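Q: test case, fold it:
(chains A, B, C and D)
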Protein chains: 2
Amino acid sequence: MPVNTPKLSDLELAALGVIHRLGPVTPYRIRKEFLDSPSTIFSGSAGAIYPLLARLEARRLVASASQATGKRASRAYRLTPAGKWRLIDWLNSPMGRDEASDYDPIRVRLHFLSALTASKRRTFLDNAELALTEQKQIIERHCKNHQQTGDLIDYHAARGGLHTVRARIKWIREIRNAMFEKTSAGGESPS
Amino acid sequence: MPVNTPKLSDLELAALGVIHRLGPVTPYRIRKEFLDSPSTIFSGSAGAIYPLLARLEARRLVASASQATGKRASRAYRLTPAGKWRLIDWLNSPMGRDEASDYDPIRVRLHFLSALTASKRRTFLDNAELALTEQKQIIERHCKNHQQTGDLIDYHAARGGLHTVRARIKWIREIRNAMFEKTSAGGESPS
DNA sequence: TGTGACATGTAATATGTTACATGATTGA
DNA sequence: TCAATCATGTAACATATTACATGTCACA
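A: Numbering: from 1, shown residues only, chains lettered A, B, ... in the order given. Below is the predicted model:
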C-alpha cells in the first residue's frame, strides 16, 4: 500500500525505523542511537533531529505525548499507523543502483593519489590501513555485544560492517603490494 | 603547509581532484566524470557543479579561461597553485573515523527488518542480492576497462568497489543462511 | 526541418551542520 | 557548590537536489 507519497530523506526513514524499534521514545534517545552507531553517516546532531521530528509529526507519520517529569518539557514519540506503513513501504521498495552503491571516503581520495609523491602515497596507504583497523576493532566489539544480547538483527548489521571493513583492509594491502612490494608472490590474477 | 583553512565539502575536494587529473577542463566534463562513475554518491547535477566552480574560483582555488568556440560561452577550469596545495593537504590529512566509516544503504535498511514478516524479509534479502550482483557486474566492467587502458589508479579504485560489493553479497547470503536455511526455518512473527 | 544528445546555466527549495542558549541532574 | 553531563531546543548558514530555461550541434 503506497502511503504518503512525498519523499523522505534517509535520515527521516531511519528515524522512523528507530522509533518503531524502540517504541515511545524521546528525541534524545533517537539521537543517541545515531551518535552511538559505529557508522558516522548520521551525525545525530540536535539541529537535525528536532526539526525532523516536527516535520514527521506535521505529516502525521509520528505522534508525540508529553512526558514532562517536573518542569522540563519532554515528549515521547511513537509511529502512527501511517508512519508504520511508510516504514514498511521503504523496506519493501525495490533496490536500485543507489542502494547497491556504497560510499567509501578512502576510495574517493584514492582516485587522486597521482597528485602525491610515491613516498606520500605509501603514507596514505599506511594511514588508511591504520584507520580501517581501528574501525574494524570498534565494529568487532559491537558485533560481540549484539551477539551476547541476542540481538540478531543488530548482530547481522554489525557483521555487514565487519565484512566490508575487512574487504577494504584487504584492498589497501593489495594496492600497497602492487605499488611497492614489487614481485611479491601469490598475487592472484585480478578480476 | 596548511592552506586556505575554510573547509570544503567532499564534492568540492573531489572536483579539485578531477580538475587536477584532467587539466584544463569544462564544467560539463567534470559533471560527466561524476555521472559516469559506478558510484552514485556524487550526482554530478548541474545545480551542484556550476555554483561549486564559482565558489572555488572566488576562493582562488581554481581559475578559468574563456574557451568560446563561436558564440556559446564556455570556460576551461584549472587548479591554481593554492588549489593544488589544498588538494594535496586533503590527500595527506590524517584519516579518522569518518574516513574509515562507510555508508551502505542496504545495511541501514537492514536494521529495521523486524518490521517485516518473515516472508518479506526473505524478499528483501533476495532483492538486495540481485541489486548487488548487478552492481558487481557494472564494477567488473569498469575494472576491465581501466586494466586495458593501463589506468592504474582508476583500476585500483574500481577494485576497491569490487572487493566491497563482493563482501556485501557474501554478507547477504550469510544472513539468509542464518535466517532461513539450515536449522529451524521457523520465522519469527513481525513485532 | 525536426529530434535528440550535448552543454551551460539559474531559481526555488529542503536538508543538515555548526554554533549557540538554556535547563536539569549527578556526583566530586 | 561547582563542574560535567544529560537533554531540549533555535538560528544562521551552506550545500545540494529538482526543475526549469535555453543554446548548439549532428544527423535523419
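
Q: hmm, the strand or helix carrying residue A:91 in reach of DNA strand C?
A: Following DSSP states H and E, one finds residue A:91 within helix A:81-92. No. Judged by Cβ under 7 Å from any atom of the strand, helix A:81-92 stays clear of DNA strand C, getting no closer than 13.3 Å. For the C-beta atoms, the positions are set from N, CA and C on the backbone; glycine is no exception.

Q: who are the packing partners of the next helix or strand after that helix?
A: Downstream of helix A:81-92, the next assigned helix or strand under DSSP H and E is helix A:97-100. In terms of contacts (3 or more Cβ pairs under 8 Å, 6 or more residues apart in numbering or on different chains; DSSP states H and E), helix A:97-100 is packed against helix B:105-110, helix B:118-148.

Q: buried set for the longest one?
A: Spelled out, that is helix B:118-148. B:120-121, B:124-125, B:127-129, B:131-132, B:135-136, B:138-140, B:142-143, B:146-147 (16 or more other Cβ atoms under 10 Å in any protein chain shown).

Q: give me the mean pLDDT for whichever helix or strand comes after that helix.
A: Beyond helix B:118-148 on the C-terminal side, the first helix or strand identified by DSSP H and E is helix B:152-179. Regarding helix B:152-179, the rounded mean pLDDT is 97.

Q: what's the helix or strand for the residue in chain A positioned nearest to DNA strand C?
A: Closest approach between chain A and DNA strand C, counting by Cβ to the nearest atom of the strand: residue A:47, at 2.1 Å. Element membership for residue A:47, per DSSP H and E: helix A:46-58.

Q: now do the next helix or strand after that helix against helix A:46-58: the angle between them, please.
A: Sequence order places strand A:62-66 as the next helix or strand after helix A:46-58, per DSSP H and E. Put simply, strand A:62-66 runs at 100 degrees to helix A:46-58, going by axes from the mean of the first three to the mean of the last three Cα atoms, to 10 degrees.

Q: packing partners for strand A:62-66?
A: helix A:46-58, strand A:75-79.

Q: look at the residue of chain A closest to DNA strand C and say how many residues are nearby.
A: 8 (other Cβ atoms under 10 Å in any protein chain shown).

Q: and it, how far from residue A:27?
A: Taking Cβ to Cβ, to the nearest Å as the measure, residue A:47 falls 12 Å from residue A:27.

Q: same check, this time on residue A:19
A: 10 Å.

Q: okay, these two: which has more neighbours?
A: residue A:19 (25 against 19).

Q: hmm, who's touching the helix or strand the more buried one falls within?
A: Secondary structure assigned from DSSP H and E places residue A:19 in helix A:10-22. Outside helix A:10-22, the residues that touch it by Cβ atoms under 8 Å, 6 or more residues apart in numbering or on different chains are A:8, A:25, A:29-30, A:33-34, A:42, A:48-49, A:52-53, A:55-56, A:61-62, A:77-79, A:83-84, A:86-87, A:90, B:105, B:108, B:111-112, B:114-115.

Q: tell me the contacts of the residue most central in space within chain A?
A: By Cα atoms, centre = their mean, the mean C-alpha position of chain A lies nearest to residue A:39, the distance being 4.3 Å. Contact partners of residue A:39, counting by Cβ under 8 Å, 6+ apart, are A:161, B:101, B:102, B:103, B:107.

Q: turn these into CSV, including distance to DNA strand C and neighbour count.
A: Formatted as CSV, these follow (distance: Cβ to the nearest atom of the strand, whole Å; neighbours: other Cβ atoms under 10 Å in any protein chain shown):
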residue, distance to DNA strand C, neighbour count
A:161, 19, 24
B:101, 12, 24
B:102, 15, 24
B:103, 11, 17
B:107, 17, 22
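
Q: could I get the residues you listed as CSV with distance to residue B:179?
A: Output for the contacts of residue A:39, formatted as CSV (distance: Cβ to Cβ, whole Å):
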residue, distance to residue B:179
A:161, 18
B:101, 26
B:102, 23
B:103, 24
B:107, 16
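
Q: between those, which sits nearest residue A:172?
A: When these are compared for distance to residue A:172 (Cβ to Cβ), residue B:102 comes out closest, at 13.2 Å.

Q: per-residue confidence at the closest residue to that closest one other than its chain neighbours?
A: Excluding its sequence neighbours, the residue lying closest to residue B:102 (Cβ to Cβ, 6 or more residues apart in numbering or on different chains) is residue A:104, at 5.1 Å. pLDDT recorded at residue A:104 is 97.

Q: repeat that for residue A:72.
A: Looking at residue A:72, its pLDDT is 74.

Q: likewise residue A:149?
A: Looking at residue A:149, its pLDDT reads 89.

Q: over to residue A:68?
A: On pLDDT, residue A:68 comes in at 69.

Q: quick one: stretch A:156-172 near chain B?
A: Yes. Using Cβ under 8 Å from any Cβ of the partner chain, stretch A:156-172 reaches chain B at A:156-157, A:159-161, A:163-168, A:170-171.

Q: SS state for residue A:181?
A: coil (DSSP: H, G, I helix; E, B strand; the rest coil).

Q: got a list of what it touches?
A: Residue A:181 touches nothing, counting by Cβ under 8 Å, 6+ apart.

Q: how is chain A divided into domains?
A: Here the domain assignment for chain A is A:10-99, A:102-179, based on automatic domain parsing.

Q: most tightly surrounded among those domains?
A: Comparing those by mean neighbour count (mean count of other Cβ atoms under 10 Å in any protein chain shown), domain A:102-179 ranks first with a mean of 18.

Q: tell me which residues are up against the helix holding residue A:47.
A: Applying Cβ under 8 Å, 6+ apart, the contact partners of helix A:46-58 are A:11-12, A:15-16, A:27, A:30-31, A:34, A:62-64, A:77, A:83.

Q: check whether stretch A:117-125 comes near chain B.
A: Yes. Legend: contact between stretch A:117-125 and chain B by Cβ under 8 Å from any Cβ is shown at A:120, A:123, A:124.
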